[in-house]
Every structure is written in C-alpha cells, then in structure tokens.
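[1] the following comprises the amino acid sequence and a computationally predicted model.
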Amino acid sequence: MNQMTEIALEHAITNVAPQVNAKMRGRDVNVFYGAKQALFDVNLDIGERQVTSLIGPSGCGKSTFLRCLNRMNDTIDIARMVGDITLDGQDIYDPKIDVVELRARVGMVFQKPNPFPKSIFENVAYGPKIHGLASNKTDLEEIVVTSLKKASLFDEVKDRLHEPGTGLSGGQQQRLCIARAIAVSPEVILMDEPCSALDPIATAKIEELIDELRANFTIVIVTHSMQQAARVSQRTAFFHLGILVEEGATEQIFTAPSDKRTQDYVTGRFG
Amino acid sequence: MTDISNNQTPPAAVDWASGKAKALRKKRYAADRRLRYYGIAAISTAVLLLGILIGSLVSTGYLAFVQTHVTMEVAIDPEQVSADDPASGNYRAIVSDGVQRLFPDVEDGGALRAAAGIITNGAQVILRNRVIADRSLVGQTIRLQVPVSDPYDQLYKDVIDRDLPENRRRLNDSQIALFETLEDRGLIEAKANWGLIFSSDSRFPELAGLAGAIVGSFYALLVCFAISFPIGIAAAIYLEEFAPKNRWTDLIEVNINNLAAVPSIVFGLLGLAVFIQLFGLPRSAPLVGGLVLALMTLPTIIIVTRNSLKAVPPSIREAALGIGASRHEVILHHLLPLAIPGILTGTIIGLAQALGETAPLLLIGMNAFLTSPPGGIMEPATALPTQIFIWADSPERGFVSRTSAAILVLLGFLITMNAIAIYLRSRLERRW
Amino acid sequence: MNWQGAVTGYLFLSIILFSLAAFYVGRSAGARFVAAEGASVHSRPIYHGAFAAIWVGLPTLLLVVLWLLFQDAVVRALVVASLPSSLTEGASPAQISLFVSEIRNVAAGRIFSEPRPEIAAAAERYASWTVIANWAMVVVALCAMALALYLARSRSAPRYRARQSFERALDVIMIGSAGLAILVTLGIIVSLTYEAIQFFMLVPPAEFFFGLNWEPQIPIRADQIAGTGAFGAVPVFTGTLLIATIALIFAIPIGLMSAIYLVEFANPRIRGVIKPILEILAGVPTVVYGFFAVLTVAPAIRQAGSLFGIAISPNSALAAGAVMGIMIIPFISSLSDDALKAVPQSMRDGSLAMGATRSETVTKVLIPAALPGIMGGILLAASRAIGETMIVVMAAGLTANLTANPLDGVTTVTVQIVTLLIGDTAFDNPKTLSAFALGLVLFIVTLCLNVLALRIVQRYRERYE
C-alpha cells in the first residue's frame, strides 16, 4: 500500500504543476471509519473558481474526501480524520475553527435532492435566516430571488414560491438545493454526484448551471460519469481504493493519463 | 437561461470574521447548548421520577418483608378443646390464658386487655390450625410464635417514634412499657415474613398475604393465555398469509389497531354487561377476568405474530412452495416454527401487561375480600393488582407498607416475565 | 355449582379424547388406503386423521361453549316464565331481576331467611332444570361427536381429498379468529349502547350532556328521577379534560425533549441505557402509579402548597394529572422518537451542510418534518390520558366540581364508572346505568382520537417510506 501511495504521490507531484491559486489544499489526508481506513495520504489542491471533479469506482473514497472538505464527516460518529485540509491557507480542522462558519463558506449539494419539507421560498431563505445574512424582509427576498436566478430556477417557480419544495420535479428540486446552497454566498460548493438521481435532460441543465456557476464559485464535484467529468470540469482527480492515483487537467487525464489504472478506468476497463 | 448573466454581481462577500457575525454565532451556539441542556434535563427528570417511584416503594415496602413475632406459651387445655373435634374448641380462652402467662404480674383487667392487644387478633386461628394439624397437642403446653399486632410491629420497626409526646403516638406509655418488658425478656423477634407470599388476605395487616391474589392472577392469566394465544395466532396467520386485500380485511385491521388502544375500563364494562349479565357467568371469577384480559391481549398477540411472520424471509416460503408443499403446509411446517420465538416473546410481554391490568378486573368484581385462595376458575378470587388496590384503600397503617411490598412482588413478577422474554429473544431469535 | 364444573371439565376432556381417537381411526384408515392402492391415494394418512379429528372436536367444542354461555340465560327465562302470575303481575324489570337473584341465591343454598314458598319452588325448578340442561348438554355433545365420527369415516376413501378438507376447516378457524376482533368491537358498541339507551329512557340525554350537576349517589325514588337533575355530566367531562390536560402539559415537554436528545444528541451508549429506563416507566402498572400518587406525590404537593400558604385539596387534579403525566412520558417519547427517526438522514445532512447547528436543524427542519408523527403520538397519548382509570380512581376526587383550578379536587369519567359499578350489580337504576352512558361517551371519544391519530401516523410513515 505504502509503495502505491508513494507512486501516487510522485505522480501528483511530478505530473501536475502545483496550483498557484489553490482555494483548498489537502495534505496527507487519512480517514478512518472505525477500524477501517477509507483514505490513504491524499494530497490534493482545489483550484479557485474552477470545477474540479473527483472520479473513480464506487467505494474509492472520493465522496469521503469531499465530505472532509466541509467536515460533514464529523456528523458520523465513527469517522476520524488525520492530516491537514486548509481553506485560504487556514486549517479547517483547527479546534479554533467554527464548523458552522466553515460549512457556510463551503456549501454542499447531495446525491439525492433533499429539499426541506417547506415552501420553495423558505428552503432558499433557510441559510440566510440562520446565518443572519439579511437585515430585513426585502433583503431576504432579494437574496432568495437572486439565488433562484443564479440556479436558473427562478423563471420556473416565480409564481409558486410559497408552494412546497417537495412538489417540484427531481431536476428542479436539485436546482432548488443548489439555490439553497448559493443563498449563503459560499466560496466553495461541494457536489456529491448531483445528477445521479436525475434524467438526462435535467442532468444537462445542471451541468450547464455548474458551468455558469464557475465564474463565481469554486466547485468540487464527485461523479460516476466520466463524460460528465469531461464536460464540466477543468481539473480531474482519479481515486482508487482510497488512494488518489492521479490528478491533472481534465483533458490530460482523459487523453493521456500517466497511470495505468487511470487509463484502464477512463477507457472503461473496470469500474 | 442565458439571460442571467453570471458576471452581473459577484456574490457579496460575507465577512464571517466581523464582530456582528461572531456575536450572532455565539448566540446560536448558546441556543444549541440550551436545547441540549433541555434534553438532558428532561431525561434526568424522567429517570429521577422513576427513581423516586422505586425509592418510595422500596423505602415503605421493605419493612413488610419482615414481621415482628412474639413467642408465648399456651397450655392446650383438654377442657377447652377435645382431641376428637379440634375444630370447635375455645381457643380464645387458651390464648387469653397464654397472655396471662406472658405477663404473670399483671392483674388489672384493663392492663391485661392492653397486653392482649400486643398479639395479633388472629392468634386463636393460628393456634386452631396448629391443633387441627396435630391433634396430639391437646393437653400439652407448647411454645407458640405469633405475629404481634400492627401498631407494635410498627413500634419494633421504629416507624412509631418512642420519643414523640404520648398524645401524638398511637401507643401510650404503658403499652410501650408492656412491650418493652417482652423485648427485655427476648421474646420479641423479627422474622422473614413468608406470610406475605403464602397467606391469604386478612383484615389484620400483620396476617394479610398475597397467596389468594397470586393464585387468582395465575388462573386469570391461564384463561387469558388459553384463549388469546391460539385465536391470536390463527387470526394473525389469516391476515398475514391468506386474507385478500379488500374492504373486510381493511376493516378487521383497523379494528385490531383500535382495540389495542381502547381504554381498558371499556373492556371491563363489556365483561360486566356481556359475560356476567348476559351469560350469567359468576362474578369475581378468574374465568371472567381471564376472558376480559384475553380480549385485551388479543390485539397485542396478533400484531407480534404478524411481525414475526413478516420477518421470515420470502425465500423460505418460495423454497417450500417450490417443492410442492401446500400453502398450509408451508405455514405449519416452516413459517410458524421459525416465527415462534418472536411470537412467544410478544405473548409473554402481552401477558405481563395483562398481569398489571386493574380497572377491568375491578368492574367484574375481582376486588372481593377473600380469606382463602380460589379453588378454581369459577370461584371468587382477587388478582395481584386488585389486591394492591384493596390494600391501598385500607385505613390501617400497616397496609401502607404491605401495599408497597405487594407492588414490589408484582413488579418482581413483571420483571421476571420480561427477563424471560428478553432471554428467549436473544437465545432463539434468528437474524436473517 | 361444583358438580357442574366437574361435569363440564370431564366433557372437555372427553372431547379431546374423542378427537384423538378420531385422529387414530382416520389415520389408520388412511394407512390402509395407502397399503391397498399405493400412489393413487390423494392425501397422506395423517391428513385423514387430522380431518376426522377436526370434524369430531371442533363443532362439538363450539356447541358446548355456546351452550354453556347461553344455558343460564335460557334457564332463567324459563324460571321467570314459570313464576306464578301473582308475583310477576305488574312487576317492573327491576323487581323481576331481584326475584331472579333471590332464586339463584336460594338454589345455591345461600339462604339468610326462610324464602317465600313461590321463590323456594322456583329455586327448586331452577336447580333441577340446570341439572337437566347440563346432562342434556353432555348427551348432545356425545351424540354430536359420534355422528361426526361416523360421517367423517364414511366419507373417507382413497380418492377423498382429506388434505383439502382439513385445510378448509383450518381456513374457517382462522377467518373466525380474525373476525372475532370485529365481534369484540361490535360487542362493546352493542352492550354499551343498549345499557345507555336504558339510561336515557330514565334520564333525558339533554340533561346528561348539558346538566351542570352530577350527584348520582343521591337515592332517587323511581317517580322522581327526571326531576332531580343529578345526572348532568358536564362537570365530569370537564374534570376529565382538566386532568388529561395537566398530564399532557407535564408529559409533552419532557417526552419530546428526551426524544430529541436521544435521537439527535446522545451517543449510542447513552441511548442504550436511557431507552430501557423509559421502557420500565411504560411497563409499570397503572395501579402502582395510583399508589405512588397517593403515597408520595399528593402529600408532597400539599406540603409545597402549605409552605406558600395555599390550601390544596388532598385529591387535587394536579397530583393525579402530574402522575398521569409521568405515565405518559415514555409513550410520547417513544412515538416522537419514531417520528424523528423516520425523517430521512438527507434532511439532517442538508441542514448541517448549510452550516446550521444541531439545534437549528432540530427546531427548523426535523420537528416541522416530523410534526404529523409527533401530533399523532400526542393524540394517542391524549386518548390514553382520558381513558386512564387507576391513577384517577386512587388519586382524584369523587365529587364532581365544575372548576378549572388544578388545586381543587375533580372527578373523571373513569372514576365515576368504577365507583358507580363497584359492588353493585342491579342494572335497573339510573345510577348504575349512567356508568354505561359515561362508558359509551368515553369509548366514542377515544375511538375518534385513536382513528385520527393512527391515520395521521400512517400517512406520515408512508410519506417517507
């Protein structure tokens, strides 16, 4: 294992130019679920205002790594993390760090759309309300409308803002969740297979949206679909068995991977 | 979609480090801690209340597991009792004589009456039973150990404070003095109170026991089990395995769920109006009690049985059907044997609930005052919980600790039954 | 009475023995078929046996049980009909039932004074007819079994589908058992309604439902009933509501908060310790809570009151309600626990990932999502509080006060039912009959609450499944 990790590290260091404008950096990240180790010494930089996709077969640790970036793993009793992850150079696992603030700055969108059982408006207003981002009702309305617009959902729901969010279609629900995440003005948005529960048309819309959001947000997306990674991301990281095998510009990963395993995966030989 | 320009407004950067933001977060964390404290407070309250409940029962009840006895000498005078007919002797005179022997110095009639008050009113009955059991005792002088009456029992257990002023005590100074001479002579002894379990009810707290109630509860539970177990299982099998999905079965299901939540006293009214008034079954009988309890336990058994049947994986059903077993054979040979641990566990828990049920038994008259255990399911009886109710209603001080002790006995039975259920579940139940 | 029990016991025993015998007869017949015809026999021998046994045992068993249940009613009716007209002429149903109990007492030998000759004669008839009925039952049962055995035996043949017949009989047993649930509900409704109608013929419903004065213990002469106004149940209803409300006020915060803590904050170890403790609270019989109220809680509340110079009734609604609250805590807690657990994990994740604290997640997302489940639980708890009997019988008062003051003593529907019916069996005066009217109201109210609550909970479960 160690040898493999070293190889992976070597690749990460030799093949990839260090990210100058890294928003987040992971250094020697190890994650354990109880006695089982899920991630081995992962080193990965997340570039600012870029889309980074994490790919790899199921159970390879890509979602685990994603959940480390906003400490969602803390909510699992048996999960334990060793290593450093920084946001703008600040260690996010520092005891002095406020996890509430961290999660506001690093938002998350989940695999299955999970709107709260509230109205569309209340779903988006939830974050600004709890974080006290709006000083009055007009402010709040403005935040909600802007967020819905940024999530390309406003036109579809503007007449029924006060109907339950659970009444929307799957794709709309997922965009609602994205709007909900945007509403607290995060710097980074983590997306955990955001399209896996959606049909192709809804998927296309989300992908288009991700591309638009890139201008303002740093985005990390976990995906099962290599086509999706190729379409939306600028950089791609390939995970396998808890090891970061290779990381690089998306084009390079898909056309000229330097690792045999990456090549096998992207050409569909396993996974 | 393209009409939304992403570049029009970059997201307003939130200053998370500003004083205002920090103060808000502090408030939010305080609210978080508050909710957590409320939760801990709520749970502590519940646990504390359980502690107070158990504590107050144990602290008043433990005294009743011990009974103060006095040892006296009685001469069984053949003139008062004949060996041929020991049942009809003048035992009262013999006991009075025994009291005189206990206090040879006391001659004053009033003082002697006070002295007689130390021993239980039931002493003559105890002596009579002893002589009936062994006729050769007639003509002999024997040492008889009898319970002391309730106030002296309380005195010996320090429930009555000897240092209180005389007018605030139930026993006056001279009564206490008489009792203390017996103490000094070593005739007073506190013994384990087996009578609590093996005697029947009595008007005198020092003699009252739970035997009748335990037997009555046993008979009632027996009837309850004999009726609700087979019927419950049959109904559950039908509903789970055979019933077509239609309005009737829906109605039956809604019915069963509702019956589980109908107040128990309503079942008592049903028992009174139907079993006693209409069918003319005897009042106060464990048969009627058991019938009423069976109706109440039935929904529980049906629900657990269905859940146990549901837990058997479909693969077993399919395998048995696949080799040509009929649906009935699949159930009798495969599903029921696999489901039986779960069914038994649920049944025991249901019976434990039935054991604690009081209100319906009061309505059908199982709160009679009876000094002997019932001889069968048709004879008048009490049950443990109704006995507790009767004692709790009795004015004598001694019944307070008896009631607590009876509750501890009832809780003991319940804990045992639940422990058996848990043991069965852990030993027999299979995880699929 | 005793010889009757013995006869019945032996009869049941002989039914079992006959069934066993029938089983062996049937099985050996089946075995002979197999020996004679081999594989062309339809059913295995054991099914021939089971088929015979079930046909011999079951109908007879049913017959005997029904006979036993209705024998007394029939004999009573016959004896009443045989009474000389000098006794029955113009007698009210109440007097008739008095005669009946007198006759039964005399017949059973419980004689306190020399009975009138008519009664003594009727008692003799009653006793002898009971004997005749008992022996008739034995004879009929034995004949029925012999007939059934003969029929079963004559029908069995190598090609006879004994297994199907046996299984059909099982089906009938099972359907009957399942139908019993409906029979019980029907029994409750019919018996309560029947007695309640009798009550309402004596006391107008308007008085019962709107009258403010409840004094059923006053002896009332038959011709004065309607005029006394002693059966106004409003104070009884308000007393019930007062105590149930106090109970819920105690139980809802504690139960809900403990559920929230257990589901959202506690680690599995704490959960593993606390949940069984709450289950113990749920398993304590209510008579124990009643005694606890009398022994500990009511005196404590009175003492606390006297500290502040407030006079508190020894059987205050507060004491009864508070103890009832303790009883309901585990109920609310476990139902809220279920409701909170049913909210999908993704809701929790969604909220936490927004940077919400645990408490914000609970109060702003989970509780709104779980509200139907929690409300259903509270409704069930309310139904339980209204129907709870022993705590109030022991700790609440007997006099019906129309008050909302929790420090006063009030009475409840269940208390009245128990006190009105204890030690009284004559079903002819408004006093005892009023208990059934109260019971009917109690049944209908709790039934509505239960149906509503179960509906809500069911819907809620389906939503997240």
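    Structure received. Numbering: from 1, shown residues only, chains lettered A, B, ... in the order given.
[2] which ones are touching the closest residue to B:Gly232 other than its chain neighbours?
    Once flanking residues are discounted, B:Gly232 sits nearest to B:Ile301: 3.1 Å by C-beta to C-beta, 6 or more residues apart in numbering or on different chains. Any C-beta I mention is one placed from the backbone N, CA and C, and that applies to glycine too. Neighbouring residues of B:Ile301 by C-beta atoms under 8 Å, 6 or more residues apart in numbering or on different chains: B:228-229, B:232-233, B:236, B:343, B:346-347, B:350.
[3] do the same with B:Ala368
    Contacts of B:Ala368 by C-beta under 8 Å, 6+ apart are B:284, B:380-382.
[4] show me what counts as buried in stretch A:63-81.
    A:63-75, A:79, A:81 (16 or more other C-beta atoms under 10 Å in any protein chain shown).
[5] which of those are close to chain C?
    A:70, A:72, A:75 (C-beta under 8 Å from any C-beta of the partner chain).
[6] show me what contacts the second one?
    Just to be clear, that refers to A:Met72. A:103, A:108, C:349, C:352-353.
[7] if you look at those residues, which of them are in helices?
    A:103, C:349, C:352-353 (DSSP state H).
[8] which of those residues tops the neighbour count?
    C:Ala353 (28 neighbours; other C-beta atoms under 10 Å in any protein chain shown).
[9] that one contacts A:Ala104, correct?
    No. Using C-beta atoms under 8 Å, C:Ala353 makes no contact with A:Ala104, being 9.8 Å away.
[10] so which residues of the chain form strands?
    Just going to use chain A. Secondary structure of chain A by DSSP state E: the strands cover A:22-33, A:36-47, A:51-55, A:79-87, A:90-91, A:106-109, A:188-192, A:218-222, A:235-240, A:243-249.
[11] that was the other one, I meant chain B.
    Using DSSP E, strands in chain B cover B:66-75, B:141-147, B:188-192.
[12] which one of those is the most hemmed in?
    Most buried of the strands of chain B, by mean neighbour count (mean count of other C-beta atoms under 10 Å in any protein chain shown): strand B:66-75, with a mean of 20.
[13] ok now it, how far from the chain's centre?
    30 Å (C-alpha atoms, centre = their mean, to the nearest Å).
[14] that one pairs with which strands, and in what direction?
    strand B:141-147 (antiparallel), strand B:188-192 (antiparallel) (DSSP bridges).
[15] now distance to C:Leu307 too, for the ones you listed, in TSV please.
    Listed next are the strands paired with strand B:66-75 as TSV, based on distance: least, C-beta to C-beta, whole Å:
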stretch	distance to C:Leu307
strand B:141-147	40
strand B:188-192	37
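[16] dump those to a markdown table, plus distance to B:Asn90 and mean pLDDT.
    As requested, these are exported to a markdown table (distance: least, C-beta to C-beta, whole Å; pLDDT from 0 to 100):
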| stretch | distance to B:Asn90 | mean pLDDT |
| --- | --- | --- |
| strand B:141-147 | 16 | 89 |
| strand B:188-192 | 27 | 87 |
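[17] quick one on the thing from earlier: quick check: the two most widely separated of the ones in helices among the contacts of A:Met72?
    A:Arg103 and C:Asp349 (10.8 Å; C-beta to C-beta).
[18] what count of nearby residues applies to the residue of the stretch 151-300 of chain B found nearest chain C?
    Closest to chain C within the stretch 151-300 of chain B is B:Pro263: 2.5 Å, counting by C-beta to the nearest C-beta. B:Pro263 is flanked by 27 other residues according to other C-beta under 10 Å.
[19] skipping adjacent residues, who's closest to it in space?
    C:Gly387 (2.5 Å).
[20] centre-most residue in chain A?
    Nearest to the centroid of the C-alpha atoms of chain A, with distances taken as C-alpha atoms, centre = their mean, sits A:Leu190, at 2.1 Å.
[21] ok, that one - contacts?
    Counted by C-beta under 8 Å, 6+ apart, A:Leu190 has contacts A:66-67, A:69-70, A:106-109, A:219-221.
[22] report the two of the residues you listed separated the most.
    Farthest pair in these, by C-beta to C-beta: A:Arg67 and A:Ile219, 15.5 Å.
[23] so which helix or strand of the chain has the lowest pLDDT on average?
    No chain was given, so I picked chain A. Here the helix or strand of chain A ranked lowest by mean pLDDT, DSSP states H and E is helix A:2-15, holding a mean of 46.
[24] can you look at chain B instead?
    Least-confident helix or strand in chain B using mean pLDDT, DSSP H and E: helix B:109-116, a mean of 82.
[25] now for that one, which elements pack on it?
    helix B:91-102, helix B:173-184 (3 or more C-beta pairs under 8 Å, 6 or more residues apart in numbering or on different chains; DSSP states H and E).
[26] now these in JSON lines, with distance to C:Asn213?
    Listed next are the helices and strands packed on helix B:109-116 as JSON lines, based on distance: least, C-beta to C-beta, whole Å:
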{"stretch": "helix B:91-102", "distance to C:Asn213": "51"}
{"stretch": "helix B:173-184", "distance to C:Asn213": "49"}
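[27] so who does the residue in the stretch 51-200 of chain B that chain A sits nearest to touch?
    When distances are taken as C-beta to the nearest C-beta, the stretch 51-200 of chain B reaches nearest to chain A at B:Gly51, 28.8 Å away. B:Gly51 makes no contacts at all, as judged by C-beta under 8 Å, 6+ apart.
[28] next: B:Leu287.
    B:219, B:223, B:281, B:377-378.
[29] restrict those to contacts with chain C.
    Okay, of these touching chain C (C-beta under 8 Å from any C-beta), that's B:281, B:378.
[30] C:Glu167: which of the contacts of B:Leu287 is nearest?
    With C-beta to C-beta as the yardstick, the closest approach to C:Glu167 among the contacts of B:Leu287 comes from B:Val223, at 29.2 Å.
[31] which pLDDT value goes with the closest one?
    For B:Val223, the model assigns a pLDDT of 94.
[32] same deal with C:Pro219?
    Reported pLDDT for C:Pro219: 52.
[33] next: B:Ser5.
    So B:Ser5 comes in at 42 (pLDDT).
[34] next: A:Ser147.
    You'll see A:Ser147 listed with a pLDDT of 93.
[35] which parts of the stretch 251-400 of chain C sit against chain A?
    So the stretch 251-400 of chain C meets chain A at C:267-268, C:344, C:346-357, C:360, C:364-365, C:368-369 (C-beta under 8 Å from any C-beta).
[36] on that earlier part again, need the max-distance pair from the contacts of B:Leu287.
    Once C-beta to C-beta is applied, the contacts of B:Leu287 give B:Tyr219 and B:Leu281 as the farthest pair, at 13.8 Å.
[37] for the chain, which spans come out with low pLDDT?
    Answering for chain A, as no chain was given. Scanning chain A for pLDDT under 70 picks out A:1-20, A:270-271.
[38] wait, I meant chain B there
    Using pLDDT under 70, chain B drops low at B:1-13, B:429-432.
[39] domains in it, as residue ranges please.
    B:65-193, B:211-428 (automatic domain parsing).
[40] what ranges do the helices span in the stretch 301-450 of chain C?
    C:317-342, C:345-353, C:358-360, C:367-387, C:390-395, C:413-421, C:430-463 (DSSP state H, counting those that start in this stretch).
[41] most tightly surrounded among those helices?
    helix C:390-395 comes out most buried of those by mean count of other C-beta under 10 Å, with a mean of 30.
[42] how much space between the residue of the stretch 151-300 of chain B closest to chain C and chain A?
    34 Å (C-beta to the nearest C-beta, to the nearest Å).
[43] that residue contacts C:Leu447, doesn't it?
    No. The pair B:Pro263 and C:Leu447 does not pass the contact test of C-beta under 8 Å, sitting 9.8 Å apart.
[44] quick one: stretch B:301-319 to chain centroid distance?
    Centre to centre, stretch against its chain (C-alpha atoms, centre = their mean), the figure for stretch B:301-319 is 33 Å.
[45] now do stretch B:420-431
    The answer for stretch B:420-431 is 24 Å, by C-alpha atoms, centre = their mean.
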